[in-house]
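[1] need coordinates for the below:
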Amino acid sequence: MKVRVDVERCQGHTLCAMIAPKVFELSEIDGHSSPVSEDVPADQQDNVREAVRSCPERAISSTE
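    Residues are numbered from 1 along each chain as shown. Model prediction:
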C-alpha cells in the first residue's frame, strides 16, 4: 500500500499523526500532515485506512 497527502487540500490534519504516527508526521513549520514513508508498512495499513476515512478534506489517498 502507498499513501499520498495532497498538501494543497490538507488543513493541518492532526488526526493523521494521531491515528498513524509511524506513517504521518505533523510539520512544525506549516502544520500539515505529511507521509514519513510513501510505502505503508503492513502493520500500519489499518491505521492508514482509518486516517483516509477520517480526513474531512479528502487530502489523503492510498493505493493497495
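
[2] state the distance from residue 21 to residue 48.
    11 Å (CB to CB, to the nearest Å). No exception for glycine: its C-beta is placed from N, CA and C like everyone else's.

[3] okay, those two: which has more neighbours?
    residue 48 (23 against 13; other CB atoms under 10 Å).

[4] that one: which element?
    Element membership for residue 48 (DSSP states H and E) is helix 45-54.

[5] so for that helix, what's the average pLDDT?
    Mean per-residue pLDDT for helix 45-54: 93.

[6] measure how far that helix is from the centre of its chain, please.
    Using CA atoms, centre = their mean, to the nearest Å, the mean C-alpha position of helix 45-54 is found 8 Å from that of the whole chain.

[7] just stretch 10-22 next, same as before
    So, by CA atoms, centre = their mean, the centroid of stretch 10-22 is 6 Å from its chain's centroid.
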